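J.: My questions concern the predicted model and sequence given below.
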Amino acid sequence: MESPPRSLRDDLRRVLLSPQAATRLDVRGRTDAGVLVPLYVDAGELHGVFTRRREDLRRHPGEISFPGGRIDEEDVDLRATAVREAEEEIGLPAGAIEIVGALQPTTTLGTGYAVYPFVGLIEPGHTWKLSEREVAEVLELPLRALLAGYGRRRFVRRGLPIRTDTYVVGDHLIWGATARILGDLFDRIEPLLEA
């Protein structure tokens with residue numbers, strides 16, 4: 001397995017928010033949630049790990065997102081929530097994640113979550129164990145391909161027309177809070193992708 005270069009860790013820590021600073025930021029939302037933005041290097045290229053949610057879920061059915069969910073009483077903080085949820089949803093053990101920073105929190109407009117994203121480096125080549133209740137599939141997408149697939153698109157969601165930032169790779173459409181999280185990530189790391 002290919003370990004992320006030390007310089008990448010340092011570069012990410014330099015451009016990302018600290019987890020402590022991010023959790024002090026206030027964002028509208030009735031329920032706090034933590035998500036993990038898992039990144040790994042494979043063949044010299046940075047990839048992100050996403051989930052496609054099951055179609056029969058009540059909230060955000062079929063959408064592509066990062067592993068995560070609402071904070072539980074036993075979680076010491078939102079970073080712990082993100083790590084716990086990643087293990088529950090895709091079988092990524094806490095010991096396999098190196099948190100290197102955080103991103104600007106955002107809200108889910110329809111469901112009222114205040115989403116706090118934490119960026120973690122992992123090794124490539126994981127065998128995913130999907131939560132049968134929540135996750136339809138795991139997607140491992142190169143960040144350069146996601147950036148190239150950026151566009152403002154108009155589509156209809158639940159009968160309402162919306163125009164929003166999106167990222168498309170193949171037939172995978174990312175929009176909403178996940179697209180906003182990606183936008184913040186790309187604003188911070190785009191020079192690293194060009195290196």
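T.: Nice, I can see it.

J.: What residues does the nearest residue to Val35 once chain neighbours are set aside make contact with?
T.: Nearest non-adjacent residue to Val35, counting by C-beta to C-beta, 6 or more residues apart in numbering: Gly68, 2.9 Å away. Quick note: C-beta positions are derived from backbone N, CA and C, even for glycine. Each residue near Gly68 by C-beta atoms under 8 Å, 6 or more residues apart in numbering is listed here: 33-36, 81-82, 85-86, 89, 115, 117.

J.: same thing with Arg154?
T.: Applying C-beta under 8 Å, 6+ apart to Arg154 gives the contacts 161-163.

J.: Doesn't Arg84 lie inside a helix?
T.: Yes: assessed with DSSP: H, G, I helix; E, B strand; the rest coil, Arg84 lies in a helix.

J.: what sits against the closest residue to it other than its chain neighbours?
T.: Residue nearest to Arg84 in three dimensions, not counting chain neighbours: Asp75, with 6.3 Å by C-beta to C-beta, 6+ apart. By C-beta under 8 Å, 6+ apart, the contact set of Asp75 is 34, 81, 84.

J.: Give the helix, strand or coil label for Arg13.
T.: Arg13 ends up helix, using three-state DSSP.

J.: Quick check: it touching Val100?
T.: Yes: between Arg13 and Val100 a contact is recorded at 5.3 Å, counting by C-beta atoms under 8 Å.

J.: What count of nearby residues applies to Leu64?
T.: If you look again at residue 64, you'll see it is Ile, not Leu. Neighbours of Ile64 under the rule other C-beta atoms under 10 Å: 22.

J.: What separation is there between it and Asp77?
T.: For Ile64, the distance to Asp77 (C-beta to C-beta, to the nearest Å) stands at 26 Å.

J.: and the residue lying closest to Leu78 once chain neighbours are set aside, what does it touch?
T.: Sequence neighbours aside, Gly34 is the residue nearest to Leu78 in space, at 3.8 Å (criterion: C-beta to C-beta, 6+ apart). Going by C-beta under 8 Å, 6+ apart, Gly34 touches 68-69, 71, 75, 78-82, 85, 115-118.

J.: in its sheet, what does the helix or strand where Gly34 lies sit against?
T.: Assigned by DSSP states H and E, Gly34 falls within strand 31-42. Sheet pairing of strand 31-42 (DSSP bridges) gives strand 45-53 (antiparallel), strand 68-70 (antiparallel), strand 113-121 (parallel).

J.: how about these, which one is nearest Glu140?
T.: Shortest separation from Glu140 across these is recorded for strand 45-53, at 5.3 Å, computed as C-beta to C-beta.

J.: What is the helix or strand following that closest one packed up against?
T.: Following strand 45-53 in sequence order, the next helix or strand is strand 64-65 (DSSP H and E). In terms of contacts (3 or more C-beta pairs under 8 Å, 6 or more residues apart in numbering; DSSP states H and E), strand 64-65 is packed against strand 45-53, strand 172-174, helix 176-194.

J.: strands paired with strand 64-65, and their directions?
T.: Partners of strand 64-65 in its sheet, by DSSP bridges: strand 45-53 (antiparallel).
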